[in-house]
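Undergrad: with the sequence up front, the predicted model follows.
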Amino acid sequence: MAIQWFPGHMHLTQKAIAERIKDIDVVIELLDARLPGSSANPMLAELTGHKPGLKVLNKQDLADPERTALWLAHYNALPDTRAIGLDASLTTPARQLIEACHALAPSRGGMAKPMRVLICGIPNVGKSTLINTLTGSRKAKTGDEAGITKLEQRIVLADDFYLWDTPGMLWPRIIVARSGFNLAASGAIGRNAFDEEEVALELLAYLKGHYAGLIEARFKIDPIGAATEDEVLDAIGRKRGALLGRGRVNLQKAAEIVMNEFRSGNIGRITLETPDEFARWLAAGQHADAERAAKKAARGRKKGSGRREDASAPPDPEAAPD
């Protein structure tokens, strides 16, 4: 099942960004270092146009460092783009943002031409934590839940450095199925928009292929190389006491355990995609989306043709009068 989530306040955020971007010098997009491709909003490229961009791979302390290096190299190779890794709760690295913004827009600075920066990102990626770290106060609400921030706010980091924070925003339709599962596993999608057991199974299927040792060590279960993800979830539920009557496993509870352990980093440092993997998923998603659009267009043409034929057909002489 494809996962989608675009509540009303995100539509308002889209409109606010489109209006604000005209006066912005640099756009900071906060990404989740555990899913740097899936957490990059494709709609932002359309909204922000040619503005210089800073990609910040946040939560890098939870991510696989080797894969983080691959993603940083990938984004730093893009034009008018810089990328850095970050743990938003650490003050000194967070100050790198200001330096990186000045490098991207060297003509801005000073009271005559203050730096104007827009910060964007998916829900629950850590924007509010980063802003509180930069300002040394609690100017932004935080929480381990998607959709905490719902209003745009301007924050003065220095006399000549203005930062506009925007609510977390996804995009109207996620065409990369794997991205939907990764976003749900990370906590970027509201809980009512997906089935937790299904997401946990997808997560375990990937971890089994790439981080099996971490799963076995964290949950103290037998080697899982030959097991299915359903069997792994069952084993985790039994090990953690998520049981119903007659020894049956509470799969809903087991799924919650798996996702909470992943989100907290207790399983280990994990990244759910590489640049090459995400490129393949994206190409497949775009191909499927193009096929879907072509079929829809063909149905529309067929219906339109049918209506024209009905309207132009001569009256049937055998038809009964009204």
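TA: Ah, there it is. Residues are numbered from 1 along each chain as shown.

Undergrad: going forward, measure contacts between C-alpha atoms and count neighbours the same way
TA: Fine.

Undergrad: report the mean confidence score over stretch 108-120.
TA: The pLDDT scores in stretch 108-120 average 91.

Undergrad: ugh, wrong one, I meant stretch 79-97
TA: Confidence for stretch 79-97, expressed as mean pLDDT, is 86.

Undergrad: for it, buried residues please.
TA: Neighbour-count burial for stretch 79-97, with 16 or more other Cα atoms under 10 Å as criterion, is recorded at 81-89, 94, 97.

Undergrad: please flag which of the residues you listed sit within strands.
TA: Among these, the members found in strands (DSSP state E) are 81-86.

Undergrad: tell me the contacts of the closest residue to I24 other than its chain neighbours?
TA: Distance criterion Cα to Cα, 6 or more residues apart in numbering; nearest residue to I24, sequence neighbours excluded, is R116 at 5.2 Å. Neighbouring residues of R116 by Cα atoms under 8 Å, 6 or more residues apart in numbering: 23-26, 161-164.

Undergrad: so R116, which of the three states?
TA: Secondary structure, DSSP: H, G, I helix; E, B strand; the rest coil: R116 is strand.

Undergrad: cool, W164 as well?
TA: Classification of W164 using three-state DSSP returns strand.

Undergrad: in the chain, where is pLDDT below threshold?
TA: 1-2, 5-9, 137-152, 305-322 (pLDDT under 70).

Undergrad: which residues of it fall in helices?
TA: Ranges of helices in the chain, per DSSP state H, are 8-20, 42-48, 65-76, 91-94, 96-104, 127-135, 177-186, 196-210, 212-219, 229-239, 251-264, 275-312.

Undergrad: could you dump those helices to CSV with distance to M111?
TA: Output for the helices of the chain, formatted as CSV (distance: least, Cα to Cα, whole Å):
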stretch, distance to M111
helix 8-20, 20
helix 42-48, 24
helix 65-76, 30
helix 91-94, 23
helix 96-104, 14
helix 127-135, 19
helix 177-186, 40
helix 196-210, 49
helix 212-219, 51
helix 229-239, 58
helix 251-264, 42
helix 275-312, 40
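
Undergrad: those: which one's closest to L35?
TA: helix 177-186 (6.9 Å; Cα to Cα).

Undergrad: quick one, the closest one and helix 275-312 angle?
TA: 120 degrees (axes from the mean of the first three to the mean of the last three Cα atoms, to 10 degrees).

Undergrad: for I267, see how far away the nearest residue in space to D222 that is not next to it in sequence is.
TA: The shortest distance from D222 to any non-neighbouring residue, by Cα to Cα, 6+ apart, is to E216 (6.4 Å). Separation of E216 from I267 (Cα to Cα, to the nearest Å): 9 Å.

Undergrad: which of the two has more neighbours?
TA: The neighbour comparison of E216 against I267 (other Cα atoms under 10 Å) goes to I267, with 21 against 18.

Undergrad: quick one: contacts for the more buried one?
TA: Applying Cα under 8 Å, 6+ apart, we find I267 in contact with 214-215, 218, 261.

Undergrad: isn't L57 up against L31?
TA: Yes - assessed by Cα atoms under 8 Å, L57 is found in contact with L31 at 4.9 Å.

Undergrad: what is in contact with these two at once?
TA: If you check L57 and L31 against Cα under 8 Å, 6+ apart, no residue is contacted by both.

Undergrad: and the nearest residue to L86 once chain neighbours are set aside, how many residues sit next to it?
TA: Of all residues not flanking L86 in the chain, N58 sits nearest, at 4.7 Å (Cα to Cα, 6+ apart). For N58, the count of nearby residues is 25 (other Cα under 10 Å).

Undergrad: is N58 bridged to anything, and to what?
TA: D32, L86 (DSSP bridges).

Undergrad: mind checking how far it is from L35?
TA: 10 Å.
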